[in-house]
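In: I'd like to go over a predicted model; first the sequence, then the structure.
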Amino acid sequence: MSFILASGSASRRAILENAGLDFEIDPADVDEDALKTGYSGDIGALAVRLGEEKALAVSRRREGLVLGADQVLEFEGRLFDKARSAEEAEARLRELRGRTHWLKGGVAAAVGGEIVWRHESACRMVMRDFSDAFLADYVARAGDMLTSSVGGYAYEGLGAQLFSEVEGDYFAVLGLPLLPVLGMLRDHGAAPA
Ligand SMILES: Nc1nc2c(ncn2[C@@H]2O[C@H](COP(=O)(O)OP(=O)(O)OP(=O)(O)O)[C@@H](O)[C@H]2O)c(=O)[nH]1
């Protein structure tokens, strides 16, 4: 039983590998900016749409079940994507500290160029009001995660120190709601029932 993960995300790959699943990696080449720039609708729906576009892009050229996913950060109705630099990540963390933001996730499965399943997730991230000194130390230690993760943190690692409370699926915070994905994979014969 196998399937294709249409993602270059190390976190998504690790989540599925650690769960013992058999799959291939074939990242989708989708112009996310084209869909995100100027978007003014429901941000969770956008994440689902992006997950669908990634799954479809690969499903149109590969046989079998293709899984695509996307995650965006929503803060006071504004949409944030991954920071482009450590400086931008630091400025954003300074803006988010002491306040609540949401990680909105979308995941979709496609077969033969058609969407067969989709799922939306929302995780409520209550960031503590940490000091400037803490932030400076965090930025010095966080490394690549500042720009490779949508929030500039690895919640399973150093990023946990940023939060006082988190509501939602742990795996969804990391980028892939594993249990709903496992249910879908089993339904499609791509994971052991
Ligand atoms: N390790 C880790 N990664 C996180 C966390 N929160 C968000 N991410 C990652 O942030 C990234 C969000 O960007 P996306 O545009 O959804 O995905 P991507 O990394 O560009 O990869 P594609 O699926 O190829 O588009 C994903 O790789 C998530 O796994 C976290 O707490 N820990």
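Out: Nice, I can see it.
In: residues in the chain within reach of the ligand, list them.
Out: Contacts of the chain with the ligand, taken as C-beta under 6 Å from any ligand atom, map to 7-9, 11-12, 27, 69-71, 82, 149-151, 153-156, 159, 173-175. Glycine gets a C-beta too; all of them are placed from N, C-alpha and C.
In: List only buried entries from those.
Out: 7, 9, 11-12, 69-71, 82, 149-151, 153-155, 159, 173-175 (16 or more other C-beta atoms under 10 Å).
In: Those residues in strands, which ones?
Out: A69, D70, Q71 (DSSP state E).
In: neighbours around the closest residue in space to the second one that isn't next to it in sequence, how many?
Out: Here the nearest residue to D70 in space, its sequence neighbours aside, is L50; by C-beta to C-beta, 6 or more residues apart in numbering that works out to 3.6 Å. Here the count is done by other C-beta atoms under 10 Å, and L50 has 24 residues near it.
In: Report all helices and strands that the helix or strand hosting L50 contacts.
Out: Assigned by DSSP states H and E, L50 belongs to helix 43-59. Under the contact criterion of 3 or more C-beta pairs under 8 Å, 6 or more residues apart in numbering; DSSP states H and E, helix 43-59 touches helix 32-36, strand 65-75, strand 100-111, strand 114-127.
In: For the protein, which residue gets nearest to the ligand?
Out: G175 (2.4 Å; C-beta to the nearest ligand atom).
In: give me phi/psi at that residue?
Out: phi 130, psi -10 (degrees, to the nearest 10).
In: so what's it closest to, chain neighbours aside?
Out: Going by C-beta to C-beta, 6+ apart, G175 has S11 as its nearest residue, at 4.5 Å.
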